[in-house]
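Q: The following comprises the amino acid sequence and a computationally predicted model.
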Amino acid sequence: MKSLFKGALTAAALAVCAFGFGHAEAQTPPGVLVVGQIAEPKSLDPAAVTAVNDFRILMNVYDGLVRYKDGTLEVEPALAESWTISDDGTVYTFKLRDGVTFHDGTPFNAEAVKYNFDRMLDENHPQHDTGPFPLAFFFSAVETIDVMDDLTVKFTLNAPYAPFLSNLAYPTGLIVSPEAVKEFGADYGRHPVGTGPFKFAEWESNAKVVVVRNDDYWEDAAKLEAVVFRPITDANTRVAELMAGGIDLMVEVPPDSLTQLSGDDNFSVYEQAGPHLWFLILNMKEGPFKDKKVRQAINYAIDKKALVENVLQGTAEIATGPTPPAFAWAYNEQLQPYPHDVEKAKQLIKEAGAEGAEVTFYVTEGGSGMLDPIPMGAAIQADLAQIGLTVAIETYEWNTFLGKVNPGLEGKADMAEMAWMTNDPDTLPYLALRTDAWPDKGGFNSGYYSNPEVDKLLEAARSSTDQAERAKLYREMQEIVYDDAPWAFIANWKQNAVSSTMVDGFKLQPSFFLLLDDVVKN
Amino acid sequence: MHVYILRRLILMIPVLLGLTVIVFLIMSLIPGDPALAILGSYATPENVAKLRADLGLDKSMVEQYWIWLTNMVQGDFGRSYSLNRPVLDEILERFGATLILAGTALVLCTIFGLLTGVVSAVRQYGWADKTLTFAVLIGISIPSFWLGLLLMMFFAVELRWLPVSGMYAIYGGGDLPDLIRHLILPSVTLAVVATGIIARLTRSNMLEVLRQDFIRTARAKGLDENRVIYRHAFKAALVNVIPVIGVQAGFVLGGAVYIETVFQWPGIGRMLVNAISTRDILLVQGGVVLVAGSYVLFNLFADVIQHLLDPRVKA
């Protein structure tokens, strides 16, 4: 008996010796950067995806006609060397970069550009069935695309549409190899071919996506030999992998771990505020929030500083209005966040005669850009209790939540959490604040805000091609919306990342994209 | 015996059919629209309606069920829209990984559970029994995901003896020793609770058997004590433990969901969690059918072994 037990113990010990002891887990080789992703990518077809997690890979494999200038959300040339815009703002003519080839050796030219947008927009295109293309509406203003010559392509829009250029810089506008799409069809998303600084090498499901340096890149070749993207869905495991050297860089670090890692000399911490807004949609059609005073009272009553510092542990900044400060060129610096002023809030509630009102509050369990929605919801509930409002929270899982909020709050709730991350100051207000964006008209204005002045400003800003003119209109819009308070403006999320100190030259972008061409790993 | 197995196999058909109905109903009844999940925050009612039609979600539930079932019988499990690949490829690949993990855990918990149980019973109330009973109690009570994190922090992060997560090293791995290194932490974590349950059961069964007449007879004949315990008592106790091991197989498969998430094991449990949150209906349905089907098979297997061991259980 004893001998048998001993035997088993010895066998176990031997096994551990053979495979464990004496084998310190290997570090990843220099020149190869291992990135911890939050999930398995859905597809590597830029036209087919919507998640930032997928964009992080795509931006390194593909180029668009234009891109965001380093550290900003302003557009600069990429695959297009230059462009002209007609005076009425409806015709964009792009001059393409000469001598660029896709990773499969086929040439990048005007035909390829036309192919890319036709595939997304034309239902009769032979490869339209490689979709669905959820963000194709970014380019719904495009009426025709004409190939003028091999390196000139002309987009004609059905109406002036100022965000067009910044939409082209978004991942949905990245250019794929037409030949590769024809070859792989519906499987193209697992065989991506672009023109970017890294070439796709391998995708092993649930384990890794590997991209290697493109030595023929049209700009300076990347410094890394390869990048491995590892999906690690559990945040604690992701942190453990970073600490054990299994990954070199991770994004979306949980706030607790961020505090711990920033005190450790072996790691570098990066932070960057992005074009993100976390807000509460207030139902203006019925109930207490029909009254502007009550909506303003909500904005005064919520202690945003406590939310940002305690609940979110410094991973976000206090929001002021509908436009995040990351859109520096369009942001209204004059506005200051609603201060936390309980007395003022109580007074406004009293003036409106809404003392002791009962409100229903939709809270989600999680979701894209929602940060820490349950504790945030609970903290907001407590803040509103201080001014005498009784808040009943209803919590839903993200998809269910969207299914309830997007069709409008009427008859269901008085307020709801929401967050958006956009690439142009036009997107969020245009889709969620205009009268023509009420849910029954296909928009996302779930709280039924309506102000003709705002509608006019937004339409005008969209049709102007002069950035200074647009900026002026957006600033004016922010002032009005700030005062009307159709939402409670809460927070702008700061993206974070942590790398080992072996990683050099890394920088987060306000676009939240992960650009790795200048990164070095020693 | 053959008739018994055949009869059990035939009985599996209504069980599996009932299972497909239940899985299908659950997936149809939970809130959240797959089209909305695909399109994300930018979903407009128009796009949603169009995509629902493309996915066949606008058909009646009976029709949808019938299409799914008839395709599946012909080996076509459909295409996963969250992963953009055939469901069958994905679930087979994932199920293989789960079988490796759950199989190893099952072997570990069987060996250690039986051993611990026998030692405890033989040394009843001795220090070995007390220590083991205490350890077993802790093993049963500890939440496995927490134990997993603890083991990970100690062996992988602090000592760096073992890898933190995954199934193979992402660089220069892929062979058997590499797999075993990745397997140790998750399979041990997964085995701990089941080991405790099997150990307890083995102990009580052994104690009962050891008090029976035939054991006294064996000892009276002057048989070697090891022979009495292993040839006589253990064999008799095993008969009652085996069906529980069959049930533990289901437990281990279920527990694999947490463990796979903690250790990022690319198994079917983790796949199902992701698939449910993205409302990837076909992937969930296919995965659950596969897991449940194999669980039914596994229990059949355990019953057959019990039959072979115990002449008293008549076919």
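A: Now that the structure is in, tell me what you want to look at.
Q: contacting residues for the nearest residue to A:Ala354 once chain neighbours are set aside?
A: Nearest residue to A:Ala354 in three dimensions, chain neighbours excluded: A:Pro288, at 4.4 Å (CB to CB, 6 or more residues apart in numbering or on different chains). C-betas here are computed from N, CA, C, even on glycine. By CB atoms under 8 Å, 6 or more residues apart in numbering or on different chains, the residues touching A:Pro288 are A:Val294, A:Ala352, A:Ala354, A:Ala357, A:Val359, A:Leu389, A:Asp414.
Q: Report the backbone C-alpha coordinates of the host helix or strand of the first one in CSV.
A: A:Val294 is located in helix A:292-301, with elements delineated by DSSP states H and E. Included here for helix A:292-301 are C-alpha records, laid out as CSV according to Å, rounded to 0.1, in the frame of the first residue of the first chain:
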residue,chain,number,x,y,z
LYS,A,292,-34.7,71.2,-18.7
LYS,A,293,-34.3,72.2,-15.0
VAL,A,294,-34.5,68.6,-13.9
ARG,A,295,-32.0,67.5,-16.6
GLN,A,296,-29.6,70.2,-15.5
ALA,A,297,-30.2,69.1,-11.9
ILE,A,298,-29.0,65.6,-12.8
ASN,A,299,-25.9,67.0,-14.3
TYR,A,300,-25.2,69.0,-11.1
ALA,A,301,-26.1,66.2,-8.8
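Q: Name the nearest of the contacts of A:Pro288 relative to chain B.
A: A:Asp414 (20.8 Å; CB to the nearest CB).
Q: didn't the closest one look like it was pressed against A:Leu389?
A: No. Assessed by CB atoms under 8 Å, A:Asp414 is found out of contact with A:Leu389, at 9.5 Å.
Q: more neighbours, these two?
A: A:Asp414 (27 against 24; other CB atoms under 10 Å in any protein chain shown).
Q: residues touching that one, list them.
A: A:Leu282, A:Asn283, A:Gly287, A:Pro288, A:Phe289, A:Val359, A:Thr360, A:Phe361.
Q: Put together a markdown table for the contacts of A:Pro288, with distance to A:Tyr270 on each row.
A: As requested, the contacts of A:Pro288 are exported to a markdown table (distance: CB to CB, whole Å):
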| residue | distance to A:Tyr270 |
| --- | --- |
| A:Val294 | 40 |
| A:Ala352 | 44 |
| A:Ala354 | 44 |
| A:Ala357 | 43 |
| A:Val359 | 39 |
| A:Leu389 | 39 |
| A:Asp414 | 39 |
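Q: What about those residues, which one has the most neighbours?
A: That'd be A:Asp414 among these, by other CB under 10 Å, with 27 neighbours.
Q: Next step: the contacts of A:Asp414 restricted to strands.
A: A:Leu282, A:Val359, A:Thr360, A:Phe361 (DSSP state E).
Q: Write a PyMOL command that selects only the buried members of these.
A: Per 16 or more other CB atoms under 10 Å in any protein chain shown, the buried members of these correspond to this PyMOL selection:
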select buried, chain A and resi 282+359+360+361
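Q: what's the model's confidence in the helix or strand hosting B:Val288, averaged?
A: Using DSSP H and E, B:Val288 falls within helix B:281-309. For helix B:281-309, mean pLDDT rounds to 85.
Q: just the contacts of A:Asp414 now: which is nearest chain B?
A: A:Thr360 (17.3 Å).
Q: Let me know whether that closest one touches A:Ala413 as I believe.
A: Yes. The pair A:Thr360 / A:Ala413 is scored as a contact, 4.4 Å apart, by CB under 8 Å.
Q: Fine by me, thanks again.
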